[in-house]
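S.K.: quick one: sequence plus predicted model below, questions after.
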Amino acid sequence: MRRSGGTFATERKKKYPPYRRTPLTAGSSCTKVGDLLDADRHERARDLLAAAADKSKRGGNVPFPLAFVLAPEAGGLPPLARFIRGGRGGEARLRLYLSITMMATRHPYDLSTPPSPNHWSELLALPADAGPRRVSSNIKWLGKNNFIRLTPRPGRPAVITLLDPSGGGEPYVRPMTQGRRYVGVPVEFWRHGWLLALSATATALLLVLLEHQGGYEEARYVMRDRRARYGLSADTWTLARKELEQHRLLHVSRTPQGSSFDYRRLRNTYWVDLEALKTTSPDFRELSRSQ
């Protein structure tokens, strides 16, 4: 990808000079220095993600089919739940796949000149030492599990082509062209850096609740059978819910369910604050201090 006056990589180096580690002196804190560098890395990644979103010319939402989030029946495991299994490996994997989907906007929905593993690592705020290796491993995982197709190119990163998000290996089709409901994730999720601030489980629950919220205009209770189709454990749901609440992206209320003639139970109802998602950005320096 070239711009007038030089390559993209050259311009990026000018805008983001290499880190200069601050030498530790008597009384200084290694933890604080590490946190500062981590915040810097995330802020750099947010700028790169915003540039990628601008380049994609995305407007409004990035669509994901319901089958990506919701299993056809209770007991099944939808692709989204598969992504977040495996601890920190799942986190990088989900961020990578969501970013590929955001960037691949036109038929055949590919990245013909994809970022290198080093650039992906910067884009996703991964550590410089292990990040490229994690990217390469997860790109192979996505290919092996039929979420993308990899077309090798001698001496350069393989072309990445999106496949159907169900993992069945079928060609990718934009969800809205099928005339069905889909999960719309605001492009600001990438542009403002929420992709980098949220854990994999919080991101998964965000997509789940966006699906459940649909076109409704009030908070809703998630029925037990539907909740089982999302494939998230009770512990995962609780921890992710608290994280989204801390970021003020989710409002949870206790609402009575049932008629006045029946036993009435207080149940949690959920409402994703789309306005907050679109207009606010995470404070990475504050997040690094709270770790």
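M.R.: All right, it came through fine. On a predicted model such as this, the values are computed, not experimentally measured, just so you know. Residues are numbered from 1 along each chain as shown.
S.K.: which parts of the chain are helices?
M.R.: In the chain, the helices defined using DSSP state H lie at 8-15, 30-56, 66-69, 79-83, 88-103, 117-123, 131-144, 188-191, 194-197, 200-213, 224-230, 234-246, 274-279, 284-290.
S.K.: what stretches of the stretch 51-200 of the chain score poorly on pLDDT?
M.R.: Within the stretch 51-200 of the chain, the segments meeting pLDDT under 70 span 74-75, 86-89, 177-179.
S.K.: nearest to residue 176, of the helices of the chain?
M.R.: Of all those, helix 66-69 sits nearest to residue 176, with 11.9 Å by Cβ to Cβ. C-beta coordinates here come from the backbone N, C-alpha and C atoms, glycine included.
S.K.: run through the neighbouring helices and strands of that closest one.
M.R.: On a contact count with 3 or more Cβ pairs under 8 Å, 6 or more residues apart in numbering; DSSP states H and E, helix 66-69 meets helix 79-83, strand 182-186, helix 200-213.
S.K.: a markdown table for those, including distance to residue 91 and mean neighbour count?
M.R.: Compiled in a markdown table, those are given as follows (distance: least, Cβ to Cβ, whole Å; neighbours: other Cβ atoms under 10 Å):
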| stretch | distance to residue 91 | mean neighbour count |
| --- | --- | --- |
| helix 79-83 | 9 | 23 |
| strand 182-186 | 17 | 21 |
| helix 200-213 | 4 | 23 |
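S.K.: closest to residue 283 out of these?
M.R.: helix 200-213 (16.0 Å).
S.K.: contacts for that closest one, please.
M.R.: Here helix 200-213 makes contact (Cβ atoms under 8 Å, 6 or more residues apart in numbering) with 64, 66, 68-70, 80-81, 83-84, 90-91, 93-95, 98, 183-185, 195, 198, 220, 222, 226, 230, 232, 236-237, 239-241, 243-244, 247, 249-250, 270-272.
S.K.: same check, this time on stretch 280-290
M.R.: With contact meaning Cβ under 8 Å, 6+ apart, stretch 280-290 is reached by 35-36, 38-39, 42-43, 46, 192-194, 196-197, 247-248.
S.K.: adding distance to residue 110, write the helices of the chain out as CSV.
M.R.: Listed next are those as CSV, based on distance: least, Cβ to Cβ, whole Å:
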stretch, distance to residue 110
helix 8-15, 18
helix 30-56, 13
helix 66-69, 19
helix 79-83, 19
helix 88-103, 9
helix 117-123, 16
helix 131-144, 13
helix 188-191, 18
helix 194-197, 21
helix 200-213, 23
helix 224-230, 29
helix 234-246, 31
helix 274-279, 28
helix 284-290, 31
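S.K.: just the buried residues of the contacts of helix 200-213.
M.R.: Listed as buried from the contacts of helix 200-213 are 64, 66, 68-70, 80-81, 83-84, 90-91, 93-95, 98, 183-185, 195, 198, 222, 230, 232, 236-237, 240-241, 243-244, 247, 249-250, 270-272; burial here means 16 or more other Cβ atoms under 10 Å.
S.K.: pull the residues that contact stretch 272-279.
M.R.: Defining contact as Cβ under 8 Å, 6+ apart, one finds that stretch 272-279 is touched by 186, 188-189, 192, 194, 206, 209-210, 213, 244, 248-251.
S.K.: same question for stretch 54-68.
M.R.: Under Cβ under 8 Å, 6+ apart, the answer for stretch 54-68 is 78-80, 98, 101-103, 105, 165-166, 174-176, 178, 180-187, 189-191, 207, 211.
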